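A.B. asks: After the sequence you'll find the predicted model.
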Amino acid sequence: MDTGTLHELRGDAVRAWTTFVEHGEGALDDVSPARRTAIRPEILSSWRRSAPAIDLGVSGAPLDDEQDTAAYWRESALQVAVSRIEDELRRTAEDGDLVLAVTDPQTRILWTYGGRVMRTKAETVNFVPGGRWDDTSVGTNALDLAGRMDTPSMVFSAEHYAPIVHNWVCWAAPVHDPATGERLGVIDLSTTWDRTHPIGLATARMMARLIETAIPDRAAPPRPRGAAGSPVEVAGLGLSLTLLGSAEARLDGRRLLLNRRQTEILALLAMHPDGLSLDQLHAYLYGDQAVTASTLKAEVSHLRAALGGALASRPYRLMMPVEVDVDSVIAHIRSGDVLGAVAAYGGDLLPGTNSPVLSELADYVAVALREALLADPQPDAVMGYSEIAPYDTEVLEHCLAGLGAAPHPARALLRGRLAAAAR
């Protein structure tokens, strides 16, 4: 966002805030439409809560007992998750000169880490462990809004109620227990208002998702570890990977929250159980795209956290049993079970992938299934396939031709599908 636009947005926010605190909410009806537009409904609602509770001269957030805060943090699932991905969180803070904070459900800060400049700014306003950042304690802020509304939130400059943070911009996103859906707290990214960036909210959302992938599954038995602390492969525990149609990964029955690249990495490692070097994985994933090795290493690091550490390096290798839906489709085709193959085929493999290896695999599976249907066009199997590939008229025509003149209950349905595909 260019500097002129940022200054204009900040000016609108300051004028709206000044009107509210000096003349009350009713006076906002008299300001220009542009200034009214600058006040988002959630900000105005928070100002209403803040006004009777907050002295505009407040110098910092109130602090809870240090020992109570530390004890809560030690027992929190968030502490385990943050410790698993702390290197990534710290790099994000340092690279963007941000201060990061993780809170409990009541918006009490449990953990922070700051870049060189923001660390000092944060300390001066008690943006530290123990600080209470609900809006009735310190005024409107993104941490409170993200927790209160259970959705990613941004608060810019004078949208904050307390003047002590008018020079800040904050992005926050709620963090949930993936197994239960319980909101555990929020993660917040803050910096100075002039460093506002359009991807700030997306970054907060991504950080929240990263923490969620690293939260231990308290309902599942702990994954056994070897003498040196490394994960060991155990029958009955492992990874289930769906790549056909809608992509999904489950670890010991628990759904993992992964981005597209991480799912692709999982797929490639599942295809190569003996492991891949960094260079091999880079080539298989990105092809000739100009993507740095450090970017790939960061994705692998996030993935390792999601897998509870069960991803070895040198070479990269999954340290657990893996079931992949692609293998099921291929096995059914090899055994001549076209109906079973169609039932296991959920659709194209990771459509839109840029991975040359996965694109090749997608073509292989799709062509193999189609050829199996042309060789053995069982009506029930063709009907199932036509739901996934409704415009493949050749398979429908081949099946109808195979029926000949003999009566068959699927004939009318097949003709209907063929007519719909031809339109």
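C.D. replies: Structure received. Numbering: from 1, shown residues only.
A.B. asks: separation between S137 and E8?
C.D. replies: Distance of S137 to E8, given as C-beta to C-beta, to the nearest Å: 31 Å. (Glycine included, C-beta is placed from N, CA and C.)
A.B. asks: And those two? Which one has more around it.
C.D. replies: Shown here are S137 and E8; by other C-beta atoms under 10 Å, S137 has more neighbours (22 against 13).
A.B. asks: could you say which helix or strand contains the more buried one?
C.D. replies: Under the criterion of DSSP states H and E, S137 resides in helix 135-138.
A.B. asks: Who are the packing partners of that helix?
C.D. replies: Applying 3 or more C-beta pairs under 8 Å, 6 or more residues apart in numbering; DSSP states H and E, we find helix 135-138 packed against helix 41-50, helix 142-149.
A.B. asks: Dump those helices to JSON lines, plus mean pLDDT and distance to R317.
C.D. replies: Putting the helices and strands packed on helix 135-138 into JSON lines (pLDDT from 0 to 100; distance: least, C-beta to C-beta, whole Å) gives the following:
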{"stretch": "helix 41-50", "mean pLDDT": "93", "distance to R317": "46"}
{"stretch": "helix 142-149", "mean pLDDT": "95", "distance to R317": "37"}
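A.B. asks: which of those is buried the deepest?
C.D. replies: Neighbour counts (mean count of other C-beta atoms under 10 Å) averaged over each of the helices and strands packed on helix 135-138 peak at helix 142-149, with a mean of 26.
A.B. asks: related to what we said a few turns ago, nearest to L296, out of the helices and strands packed on helix 135-138?
C.D. replies: helix 142-149 (30.3 Å; C-beta to C-beta).
A.B. asks: The following helix or strand past the closest one pairs with which strands, and in what direction?
C.D. replies: As assigned by DSSP H and E, the chain's next helix or strand after helix 142-149 is strand 153-156. Strand 153-156 pairs in its sheet with strand 168-176 (antiparallel), by DSSP bridges.
A.B. asks: right, and the helix or strand after the partner strand?
C.D. replies: The helix or strand immediately downstream of strand 168-176 is strand 183-192, counting by DSSP H and E.
A.B. asks: Averaged pLDDT, that next one. What do you get?
C.D. replies: In this model, strand 183-192 carries a mean pLDDT of 95.
A.B. asks: Who does that strand pair with, and is each partner parallel or antiparallel?
C.D. replies: Partners of strand 183-192 in the sheet, by DSSP bridges, are strand 99-103 (antiparallel), strand 168-176 (antiparallel).
A.B. asks: Just give the closest residue to V324, not the sequence neighbours.
C.D. replies: Using C-beta to C-beta, 6 or more residues apart in numbering and skipping the chain neighbours, the partner closest in space to V324 is L241 (4.7 Å).
A.B. asks: Okay, and the one you found sits in which element?
C.D. replies: Using DSSP H and E, L241 sits in strand 239-242.
A.B. asks: Note down every partner strand of that strand and its orientation.
C.D. replies: Strand 239-242 pairs in its sheet with strand 248-251 (antiparallel), strand 322-324 (parallel), by DSSP bridges.
A.B. asks: Residues contacting the shortest one, please?
C.D. replies: If you take C-beta atoms under 8 Å, 6 or more residues apart in numbering as the criterion, strand 322-324 is touched by G238, L239, S240, L241, L243, A267, A270, M271, P273.
A.B. asks: Give the next helix or strand downstream of that strand.
C.D. replies: Beyond strand 322-324 toward the C-terminal end (DSSP H and E), the next one is helix 325-334.
A.B. asks: how about that next one: buried residues?
C.D. replies: The neighbour-count check on helix 325-334 (16 or more other C-beta atoms under 10 Å) flags D325, V326, S328, V329, I330, H332, I333 as buried.
A.B. asks: any idea how far D337 is from the fifth one?
C.D. replies: According to C-beta to C-beta, I330 stands 11 Å off from D337.
A.B. asks: again with the third one
C.D. replies: Computed as C-beta to C-beta, the S328 to D337 distance reads 10 Å.
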